[in-house]
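A.B. asks: got a predicted model here, sequence first, then my questions.
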Amino acid sequence: MLNYISAELYKLRFHKGLYVGVLLLILLESLVFLPFLWVDPDMSIRRDVLYGFLVAAVNVGVFIVPIITAMVFDDQHGGGTIKNEIVFGISRGRVYLGKLTAALIAGTAVAALAVGWYLLLAFLVGQPGEYGLQALRTVLYVLALHWWIWLAVLSYVFFLLMLLKSSAAALAVNYLTTLFVTPIALTVAGGGGEDLKLWFRVLMELFYTTPIQVTFIGGPADGILPTLLGGNGLLYGAVVGLIWLAVTTGAGLLIFRRREIR
């Protein structure tokens, strides 16, 4: 398995689209700091304000993760890569889990690079603020929480990419799911669904974007499941992320082993 994962990561080194995508992401981040280059140093923005902007902007990650995942997957149905590997004798379980693990490693590396670059620029450009250390702790907490959210999104998108032969269709299904279900899930998680049936509330609290509400309220998560977890938002995000990883991977393996590869 380790050799297979290494081979998948090695192939990524030659994926120009991934490099271009990461470069664009870095450039867009850098534009945030561009106005501060000609501001009087005495009026420079404080780091805690820049950290606060990152906390708000990091929610956009649920829309970026699918693109990175599709780049890593590299339309392997269309290229016939998966079919060739199976014909060659590689087990379907190794194919699915190996590619998923490679996507998780690559996605985490891209996220770490993007966030690390922003924090470096914030440190170089921003001035120390009254709540700088506390704000930085909040940023690290939110980033850890969102890593679990991104993990859930990535596993779901990878499931769709393996299930559907069209990467565009897989991304479309993911974005429609996110756009239509997220408002309902966040409303329920924010305490707005007390009159809804228990099973529906639980399902909405398990949706991959629901832990985002912890970022908005800045405190312990509300709801049935977060309460059972002691109001620990980070633990709640970890549970939701692991559930999505386990369910999508289990379903993906089951379907992938039974389907005919052409």
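C.D. replies: Looks like it arrived, so ask away.

A.B. asks: what's the first helix or strand after the helix or strand residue 149 falls within?
C.D. replies: Here residue 149 is covered by helix 132-163, with elements defined by DSSP states H and E. Counting by DSSP H and E, the element after helix 132-163 in chain order, helix or strand, is helix 167-187.

A.B. asks: helices or strands up against that next one?
C.D. replies: helix 61-73, helix 132-163, helix 198-205, helix 212-217 (3 or more CB pairs under 8 Å, 6 or more residues apart in numbering; DSSP states H and E). C-beta here means a position set from N, CA and C on the backbone, and glycine is covered the same way.

A.B. asks: could you check the pLDDT of residue 94?
C.D. replies: Looking at residue 94, its pLDDT reads 83.

A.B. asks: which elements pack onto whatever helix or strand it lives in?
C.D. replies: Taking DSSP H and E as the criterion, residue 94 maps to helix 92-125. When contacts are defined as 3+ CB pairs under 8 Å, 6+ apart, helix 92-125 sits against helix 2-12, helix 16-33, helix 47-57, helix 61-73, helix 81-88, helix 132-163, helix 233-258.

A.B. asks: got CSV for the ones you listed, with mean neighbour count too?
C.D. replies: Below are the helices and strands packed on helix 92-125 laid out as CSV (neighbours: other CB atoms under 10 Å):
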stretch, mean neighbour count
helix 2-12, 14
helix 16-33, 13
helix 47-57, 18
helix 61-73, 21
helix 81-88, 14
helix 132-163, 21
helix 233-258, 17
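
A.B. asks: so what's the nearest residue to residue 255 once chain neighbours are set aside up against?
C.D. replies: The shortest distance from residue 255 to any non-neighbouring residue, by CB to CB, 6 or more residues apart in numbering, is to residue 163 (6.2 Å). Residues near residue 163 by CB atoms under 8 Å, 6 or more residues apart in numbering: 170, 252, 255.

A.B. asks: what's the distance between residue 255 and residue 178?
C.D. replies: 22 Å (CB to CB, to the nearest Å).

A.B. asks: same question, residue 115
C.D. replies: Taking CB to CB as the criterion, residue 115 is separated from residue 178 by 21 Å.

A.B. asks: quick check: end-to-end length of stretch 180-200?
C.D. replies: End-to-end span of stretch 180-200 (CA to CA, to the nearest Å): 15 Å.

A.B. asks: what mean pLDDT does it have?
C.D. replies: For stretch 180-200, the mean pLDDT works out to 75.

A.B. asks: now do stretch 116-133
C.D. replies: Here the average pLDDT along stretch 116-133 is 77.

A.B. asks: now do stretch 148-158
C.D. replies: 94.

A.B. asks: picking that back up, how about the helices and strands packed on helix 92-125 in JSON lines, adding distance to residue 101?
C.D. replies: Output for these, formatted as JSON lines (distance: least, CB to CB, whole Å):
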{"stretch": "helix 2-12", "distance to residue 101": "5"}
{"stretch": "helix 16-33", "distance to residue 101": "17"}
{"stretch": "helix 47-57", "distance to residue 101": "28"}
{"stretch": "helix 61-73", "distance to residue 101": "11"}
{"stretch": "helix 81-88", "distance to residue 101": "15"}
{"stretch": "helix 132-163", "distance to residue 101": "10"}
{"stretch": "helix 233-258", "distance to residue 101": "10"}
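
A.B. asks: wait, which of those is closest to residue 188?
C.D. replies: helix 233-258 (13.3 Å; CB to CB).

A.B. asks: no further queries at this time; thank you.
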